[in-house]
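> Sequence first, then the predicted structure, then my questions.
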Amino acid sequence: MTMAAETSKNLALAKAINESLRKALESDPKVLIMGEDVGKLGGVFRVTDGLQKDFGEERVIDTPLAESGIVGTAIGLALRGYRPVVEIQFDGFVFPAYDQIVTQLAKMHARALGKIKLPIVIRIPYGGGIGAVEHHSESPEALFAHVAGLKVVSPSNASDAYWMMQQAIQSDDPVIFFEPKRRYWDKAEVNFEAIPGPLHKARVVREGTDLTLAAYGPMVKLCLEVAGVAAEEGRSLEVLDLRSVSPLDFDSVQTSVEKTRRLVVVHEAPVFFGSGAEIAARITERCFYHLEAPVLRVGGYHAPYPPARLEEEYLPSLDRVLDAVDRSLAY
Amino acid sequence: MTMAAETSKNLALAKAINESLRKALESDPKVLIMGEDVGKLGGVFRVTDGLQKDFGEERVIDTPLAESGIVGTAIGLALRGYRPVVEIQFDGFVFPAYDQIVTQLAKMHARALGKIKLPIVIRIPYGGGIGAVEHHSESPEALFAHVAGLKVVSPSNASDAYWMMQQAIQSDDPVIFFEPKRRYWDKAEVNFEAIPGPLHKARVVREGTDLTLAAYGPMVKLCLEVAGVAAEEGRSLEVLDLRSVSPLDFDSVQTSVEKTRRLVVVHEAPVFFGSGAEIAARITERCFYHLEAPVLRVGGYHAPYPPARLEEEYLPSLDRVLDAVDRSLAY
Amino acid sequence: MTVESTAARKPRRSAGSKTGTTRTTAQSADAPAADASATAAKRTTTKRAAAVKKPAAKPATETVTAGADPDLVQLLTPAGERVKNAAYDPYVAALTPEDLRGLYRDMVLTRRFDAEATALQRQGELGLWASLLGQEAAQIGSGRATRPDDYVFPTYREHGVAWCRDVDPTNLLGMFRGVNNGGWDPNSNNFHLYTIVIGSQTLHATGYAMGVAKDGADSAVIAYFGDGASSQGDVAESFTFASVYNAPVVFFCQNNQWAISEPTERQTRVPLYQRAQGYGFPGVRVDGNDVLAVLAVTKWALERARSGEGPTLVEAFTYRMGDHTTSDDASRYRHDDERVAWEAKDPIARLRAYLESSNHAEEGFFAELEAESESLGRRVREAVRAMPDPDPLAMFEHTYADGHALVDEERAQFAAYQASFTDVEGA
Amino acid sequence: MTVESTAARKPRRSAGSKTGTTRTTAQSADAPAADASATAAKRTTTKRAAAVKKPAAKPATETVTAGADPDLVQLLTPAGERVKNAAYDPYVAALTPEDLRGLYRDMVLTRRFDAEATALQRQGELGLWASLLGQEAAQIGSGRATRPDDYVFPTYREHGVAWCRDVDPTNLLGMFRGVNNGGWDPNSNNFHLYTIVIGSQTLHATGYAMGVAKDGADSAVIAYFGDGASSQGDVAESFTFASVYNAPVVFFCQNNQWAISEPTERQTRVPLYQRAQGYGFPGVRVDGNDVLAVLAVTKWALERARSGEGPTLVEAFTYRMGDHTTSDDASRYRHDDERVAWEAKDPIARLRAYLESSNHAEEGFFAELEAESESLGRRVREAVRAMPDPDPLAMFEHTYADGHALVDEERAQFAAYQASFTDVEGA
Ligand SMILES: Cc1ncc(C[n+]2csc(CCOP(=O)(O)OP(=O)(O)O)c2C)c(N)n1
Ligand SMILES: Cc1ncc(C[n+]2csc(CCOP(=O)(O)OP(=O)(O)O)c2C)c(N)n1
Ligand SMILES: [Mg+2]
Ligand SMILES: [Mg+2]
């Protein structure tokens, strides 16, 4: 291991993933990195920076420009015993691969009655807030969570990014790994020795008593900011980092809501048919007599992701989440 | 019109769609039918039976075996002023076209700031209950409803099938038209002169006072059966045929739930991230003080659609819906 | 430089519809004859047109036409005469009479199995069956060309290939009966699961082959697909990946002339084997009803793969003698005389003629095989009828390898729900 | 019949990695030379390799090499000498000196516009810019070959084609500034919106062309895409549909040698123009830095389409002189001397040399053009800076043509939410 002596390090989220991939390449010769521009360029976000140089073109593979081909050949490589970690360059470009992901990757293990495994990680930088052009800012996680056979996770910070990637690569199931691209440059301490917990377990990142804010990926930081502002106004918000969208750790949400009796779910994806709907439906069922207010949802609107100059209006913001908190507390 | 003299006719659902397509081909020279085997064969379900014979190969087009190509060229034809009605042979085969549907069809009108229109209908025979092999029984409607720019509808009976198809073809927006394939052979009276109502409006198909059952497509018939059985047990269930999944007629659901105070949503698609989640979340928000019980959902499980010999266990059944009714009423 | 198309040119605004006219216009005077493949296109089309129109009574004439086609690799004429072919003879030179009888036996038993499955569907024991009738030579020839360490990616119709891979035929029936979605262990025979989403397995095969190359193994991979599948983007992408990574994969296209109701002209206007060239690897068309030719060409292609020469496209020119599946009714879209004409090229009759004329098999062999066929049919019938319905809880199994909280929750709920009936019934 | 690959053969298990080695192994002794295209593959590769290694000081040598390439249609050498070409000369025969100056003006103004946009991005006025630097001839030559009734489907880099279609250049900047996602009316200039999802527009173009044919019109359609895009399944499917329906569409591939950081060798091991053949239509490679050759070849292809001869693939062999976009840093993955070598083939310098040597333009012309360029730059700069941010409520508009209840509800909620701030601020 390149960082043998170091127990922990302050890393940007993108760099933490890079270190995690490096670790995986070092420890398991079957791990491969595949995608467009992941080689010399190191990916458009430099997440794979330096890996081809150190592990060669046989393990860090620049692919033809064809997402279905990338996922489809990754499936074949997995059948041969490899553990491909595939990069989709941006959220909006995963759709050409959607058929391979939904009809093949998700279902092949079940189709074979468990006799073959598909240990494939699909990395997708997702979400907005970086002022990009169309198709570079979307949050399609609900379109994967609805599909049985896939696991869907999204880290919110560098430490989770490092460890959840380790766990995703070790998982024998296909994992869709949504990377919060606007947090790529946010730094945090990464401890290389202490696993922060199971891959699919939510985490209370701020304790509170009046209302629960549940989020994952890029929206966790926003929710923490909201909780800070609310605290100044005398309100105690609990913030839950869900970390995993499928499976979703409803137990942790339930525990929190039984305490706070109010829940607001925040994600960038459109509200309609989004993660918030599933959380609201299930938590309302589980906590029907606890809830003082309906579960409220803050997310994108039912419109294509807008041009960059409007994205601040489209995305959940401090004010919009606070507004939902106010509305919930008003019940 | 071929049936000039007739005001109404008793038709199987598949035949009603056939008549509706015929009517559209007759009244608008820009309407085209496209898909695999839609020509001489008349489609694997005979929904386009006889249309190529009567309207020619230029208007009823057998396409190469490539769903992305079918939808992609339909978009081009729409840009040229045509109104393509595209057939996807089975639910599970829409995914190769998913990219064209999600990134192009859904967004192009907005991308052009309204300056071009995409009047395309995508017909998808969907759902299970016909004892078919893999990929022939799925219900992927949630994967389309989450995507802004698409409209998603599903008729439950021959009359709606006829009229909703007329309305979908006349719509200037892309419409994903989910046809309940296991109801293709169910007959009903179709009145060719009286439009039964707007495309996206739900309909109360049985009035009741104790609980609302909301469904669409193939599950409406089941819910009516459930209501019949429940009536014998002295329970008055209201059954709502939602008809449209996007937009979803929440107003009608709300009106019903304000009366009955209980709601069970039934669909074949997996519950997790399914339509029921969105309905539960929004109706709970709208009717928080009216609901006596949490909104319950009956649907498929979080597993790939099972082999045919297990589908009756997987799909909502009379007993499973009754069980949910009992659970709701127990609150 | 201009690469001339081999397709027929036809003024777009000529009277009548364009669709489906390739067959008749392929001989039009303005078609370029820039290279051999142009002639190929024309000749093939002519042959097919002829096949449609000619009564079936004259297999001999038909034979001569087919045998004379320079673009079709053929080692046995439809009448069962051995044709010399310098390039491909070496690949069958070592075949003993016993080997030849083996191929014959494979085809006969495969056909018998297939017929039994069709019958079982009619009896309601299977929900559906996709018959390989007519494609026995394409499948046995190619299947027997593989080595045990090679890996096979089938579509849903490769029952003959499965046979060659020693997959128990009853295993194939589970998905058609509706008791599973495949379910055999792909690794026990290096025979992947049937894949229903058209074309997707060609990418799996390519990826697998990339892995073989990475491992430094000298195995090869073979991906089966149909003429219809050739239009899918996934197949094109698999050509690109295979070519760019020089993957040891053979793309084996069974052009059985139909994709359900659509003739091959709905997928391409030039012969399919030519598709490979523009991706940088060779394409060959072989008589798919000639088991020797298929064996030879596939062996050649697999050896290319093994020796690092990369992918090959083999187009086996054959015919789907039956309906697309038992749900289909081919009489709605194709003329019976087309089928009748192809009967004259039957792969089994052809090899039998050769075995007999060359004295490679005695009457006893055929009689014994007849008996073996019947017992196979019986075994299959019994096995299918004995196949139990799966336990309902099986639908929750194997969704994930490492488990998933929601699946656990739903399984438990379902079990409790089921138990509630037992209670009631038990009460 | 075997169609021989034109690709280099390389033993798979030789030492070292396979990736990226096509360039150097293309000359290997065991490469087949079965037909002209095999030679083409080798020569092209050799040329590129040479371009990388040779210092930029000798454009003349480079010129000769390029001019001598028999697979590349060229009418003007890099040095600006007019080369005869019997097949394509007729398509430029009618060009007057004024026309030639027009082409020159188009290229200069396009480059000036492009440079201004790059500068505006550096100044923060645009979020991103995708420069066409180096591809002016490919775009102006093909754009000027179109008729007003033809329809153009661009990618995101066709600023020069937009120019030829009279699209106001400032319109192109909206999406790069982030005020819209395109937003011009595609029908006012028959120039479709920029499409970012690679390859998808080739299917739209094909469908549009199918519609043109249905209408009995004699317009043509042209679809732009890149060398990287050639790997997308959608592009392959568009070839199939165009061929099967004989659609009047020209597939115009700008092979600018790179798809972000990946050289064309990551997408194909034979020249891209050869891809068409296996789909049944012709492919041509043209010197994409020679505006006359591009004009001639595109005109030829468009006329084929108009007269019902179906699709054509044109590969314009050119070079992306700049970064992929302003977000990219090409120095991470390619050598500067490659770019320097291509500078010697600059499309604008080449036409200028020809205009000067043939006395088709006077000094005054160049000076006036210089002034016109500057004023274009100014106009663009001012227009961009004046471009207002859209009203937030605009994000709800045009999601649907016929309305959608949820959009209405969300719009109303958003308006109320916004109003709540006005109240507070107003209070
Ligand atoms: C993606 C997809 N689209 C459509 C279908 C429905 N379908 C099943 S078989 C078939 C025709 C396949 O034709 P071909 O590839 O020639 O194979 P064959 O059946 O002739 O062996 C079609 C359209 C499918 N299975 N998958
Ligand atoms: C489906 C899809 N995948 C990935 C991308 C990201 N991307 C944008 S441009 C590009 C390279 C395109 O290369 P090429 O087709 O050669 O066009 P060029 O940029 O060279 O003009 C990539 C990978 C995309 N836009 N769409
Ligand atoms: Mg076929
Ligand atoms: Mg390029």
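Yep, it's here. Numbering: from 1, shown residues only, chains lettered A, B, ... in the order given. Ligands and ions are numbered 1, 2, ... in the order given.
> any idea how far the residue in the stretch 151-300 of chain C that ligand 1 sits nearest to is from C:Q267?
Residue nearest to ligand 1 within the stretch 151-300 of chain C: C:G226 (2.3 Å; C-beta to the nearest ligand atom). C-betas here are computed from N, CA, C, even on glycine. Counting by C-beta to C-beta, to the nearest Å, the gap from C:G226 to C:Q267 is 9 Å.
> quick one on the thing from earlier: list the contacts of the residue of the stretch 151-300 of chain C closest to ligand 1.
When contacts are counted by C-beta atoms under 8 Å, 6 or more residues apart in numbering or on different chains, C:G226 touches C:155, C:157, C:198, C:253-256, C:259.
> Ligand 1 next: which of those residues are close?
Applying C-beta under 6 Å from any ligand atom to these, one finds that C:157, C:198, C:256, C:259 fall near ligand 1.
> Quick check: bridge partners of the residue of the stretch 151-300 of chain C closest to ligand 1?
C:Q254 (DSSP bridges).
> now it: how far from C:G127?
On the measure of C-beta to C-beta, C:G226 and C:G127 end up 21 Å apart.
> Number of residues surrounding the residue nearest to A:E238 when sequence neighbours are not counted?
Using C-beta to C-beta, 6 or more residues apart in numbering or on different chains and skipping the chain neighbours, the partner closest in space to A:E238 is A:G208 (3.6 Å). Neighbourhood size, A:G208 [other C-beta atoms under 10 Å in any protein chain shown]: 20.
> is it true that A:G208 touches A:V239?
Yes: in terms of C-beta atoms under 8 Å, A:G208 counts as a neighbour of A:V239; the distance is 7.2 Å.
> can you list residues touching both of the two?
A:A227.
> and the residue nearest to C:R112 when sequence neighbours are not counted, how many residues sit next to it?
Once flanking residues are discounted, C:R112 sits nearest to C:S373: 4.0 Å by C-beta to C-beta, 6+ apart. By other C-beta under 10 Å, 18 other residues sit near C:S373.
> quick one, what contacts C:S373?
C:108-109, C:112.
> element containing the residue lying closest to C:E136 once chain neighbours are set aside, please.
Excluding the flanking residues, the one nearest C:E136 by C-beta to C-beta, 6+ apart is C:M107, at 4.1 Å. Applying DSSP states H and E as the criterion places C:M107 in helix C:97-122.
> can you give me how far that helix is from the chain middle?
How far helix C:97-122 lies from its chain's middle: 15 Å, per C-alpha atoms, centre = their mean, to the nearest Å.
> quick one: it near ligand 1?
No: using C-beta under 6 Å from any ligand atom, helix C:97-122 never reaches ligand 1; the gap is at least 13.1 Å.
> if I look at C:G226 and C:Q267, which residues touch both of them?
Common neighbours of C:G226 and C:Q267 (C-beta under 8 Å, 6+ apart) are C:A259.
> for the chain, which spans come out with low pLDDT?
I'll assume chain A. A:1-5 (pLDDT under 70).
> actually chain C
C:1-69, C:423-427.
> try it again with 50
C:1-68, C:427 (pLDDT under 50).
> Quickly list the domain ranges of it.
C:21-26+C:59-385, C:393-420 (automatic domain parsing).
> Redo those as JSON lines? Include distance to ligand 2.
Converted to JSON lines, the domains of chain C look like this (distance: least, C-beta to the nearest ligand atom, whole Å):
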{"stretch": "domain C:21-26+C:59-385", "distance to ligand 2": "12"}
{"stretch": "domain C:393-420", "distance to ligand 2": "29"}
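> Which of these sits closest to D:N359?
Among those, the nearest to D:N359 by C-beta to C-beta is domain C:21-26+C:59-385 (43.6 Å).
> in which helix or strand would I find the closest residue to C:A361 other than its chain neighbours?
Excluding the flanking residues, the one nearest C:A361 by C-beta to C-beta, 6+ apart is C:L355, at 4.1 Å. Element membership of C:L355, judged by DSSP H and E, is helix C:347-357.
> Which strands and helices lie in contact with that helix?
Under the contact definition 3 or more C-beta pairs under 8 Å, 6 or more residues apart in numbering or on different chains; DSSP states H and E, helix C:347-357 sits against helix C:97-122, helix C:136-145, helix C:291-306.
> now those helices as JSON lines including mean neighbour count?
What follows is the helices and strands packed on helix C:347-357, written out as JSON lines (neighbours: other C-beta atoms under 10 Å in any protein chain shown):
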{"stretch": "helix C:97-122", "mean neighbour count": "20"}
{"stretch": "helix C:136-145", "mean neighbour count": "30"}
{"stretch": "helix C:291-306", "mean neighbour count": "26"}
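> Next to chain A in this structure, residues from the stretch 251-400 of chain C, please.
C:397-400 (C-beta under 8 Å from any C-beta of the partner chain).
> who wins for neighbours among those?
Neighbour-wise, those (other C-beta under 10 Å) top out at C:Y400, 27 neighbours.
> my guess is that one meets A:L150, correct?
No: using C-beta under 8 Å, C:Y400 is not in contact with A:L150; the gap is 9.1 Å.
> Name the residues contacting each of those two.
A:D173.
> Which stretches in chain A count as helices?
Counting by DSSP state H, chain A has helices at residues A:13-27, A:51-55, A:67-79, A:98-99, A:108-111, A:142-145, A:158-170, A:219-232, A:250-260, A:275-286, A:311-314, A:318-329.
> Most tightly packed of those?
Of these, the one with the most neighbours on average (mean count of other C-beta atoms under 10 Å in any protein chain shown) is helix A:67-79, at a mean of 29.
> Residues contacting stretch C:80-100, please?
With C-beta under 8 Å, 6+ apart as the criterion, stretch C:80-100 contacts C:63, C:67, C:73-77, C:292-293, C:295-297, C:299-300, C:349-358, C:360-361, D:2.
> Pull the contacting residues for the nearest residue to C:P263 once chain neighbours are set aside.
Leaving out its chain neighbours, the residue that sits closest to C:P263 by C-beta to C-beta, 6+ apart is C:Q257, at 6.4 Å. For C:Q257, the contact set (C-beta under 8 Å, 6+ apart) comprises C:48, C:227, C:263-264, C:318-320.
> Now those in a markdown table, please, with extra columns for secondary structure.
Shown next, in a markdown table, are these (DSSP: H, G, I helix; E, B strand; the rest coil):
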| residue | secondary structure |
| --- | --- |
| C:R48 | helix |
| C:D227 | coil |
| C:P263 | strand |
| C:T264 | helix |
| C:T318 | coil |
| C:Y319 | coil |
| C:R320 | coil |
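> Name the nearest of the contacts of C:S373 relative to A:A97.
Nearest to A:A97 among the contacts of C:S373, with distances taken as C-beta to C-beta, is C:L109, at 40.3 Å.
> May I ask you to confirm that that closest one is in contact with C:E372?
Yes: C:L109 sits in contact with C:E372 when judged by C-beta under 8 Å, with a separation of 6.8 Å.
> highest average neighbour count across the domains of chain C?
Highest mean neighbour count among the domains of chain C (mean count of other C-beta under 10 Å): domain C:21-26+C:59-385, a mean of 22.
> Can you pull the phi and psi angles for C:A344?
phi -70, psi -10 (degrees, to the nearest 10).
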